[in-house]
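Participant: next comes the sequence, and after it the predicted model I'd like to discuss.
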Amino acid sequence: MKPLHRLFVTGTAALALGGLAVPAASAAGAPAAAPVAEAGILKVWHATVQCQIVRISDNNVVGYDRADGTGNTQEAAVQDAARNIPVPQGHYKRHCDTKRIW
């Protein structure tokens, strides 16, 4: 009955420390499970954005440009893509549209 009691205490202690369940093999001295840092995998989002390029001197649209970006959230990926749009000197970008998110 004691080995069962130890296994229960080990599992309860693991749950109290962050919800990581310890397999029975680990309690018996076998190699431990993967660290907690590897358990949480973050998704990387990708986005493509297209913006108008406008000349400041006469406020005319001279073209469009596209760029890609990445981030941990959809919004972060879109912001990174907009930040990656190359803007020539004497111009600015406006009306950035998200073309694709994956």
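Facilitator: Done, it's in. Numbers count the residues shown, from 1 in each chain.
Participant: so what strands line up beside the strand or helix carrying Asp68?
Facilitator: Using DSSP states H and E, Asp68 sits in strand 60-71. Sheet pairing here is set by DSSP bridges, and for strand 60-71 it gives strand 45-55 (antiparallel).
Participant: domains in the protein, by residue range?
Facilitator: Annotated domains of the chain cover 2-37, 45-101 [automatic domain parsing].
Participant: ok so, going back, what comes up buried for the strand holding Asp68?
Facilitator: Under the neighbour-count criterion of 16 or more other Cβ atoms under 10 Å, strand 60-71 has 65, 67, 69, 71 buried. C-beta: built from backbone N, CA, C; applies to glycine.
Participant: show residues contacting the helix or strand just after that strand.
Facilitator: Going down the chain from strand 60-71, the next helix or strand is helix 74-83, by DSSP H and E. Defining contact as Cβ atoms under 8 Å, 6 or more residues apart in numbering, one finds that helix 74-83 is touched by 45-49, 51, 67-71, 93, 96, 98, 101.
Participant: tell me the buried residues in helix 74-83?
Facilitator: Neighbour-count burial for helix 74-83, counted by 16+ other Cβ under 10 Å, picks out 77-82.
Participant: looking at those, spot the one nearest Ile56.
Facilitator: Ala82 (18.5 Å; Cβ to Cβ).
Participant: separation between the closest one and Gly40?
Facilitator: To Gly40, Ala82 is 28 Å away according to Cβ to Cβ, to the nearest Å.
Participant: picking that back up, distance to Ile56 and pLDDT added to the buried residues of strand 60-71, as a markdown table?
Facilitator: Compiled in a markdown table, the buried residues of strand 60-71 are given as follows (distance: Cβ to Cβ, whole Å; pLDDT from 0 to 100):
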| residue | distance to Ile56 | pLDDT |
| --- | --- | --- |
| Asp65 | 16 | 97 |
| Ala67 | 20 | 97 |
| Gly69 | 25 | 97 |
| Gly71 | 29 | 96 |
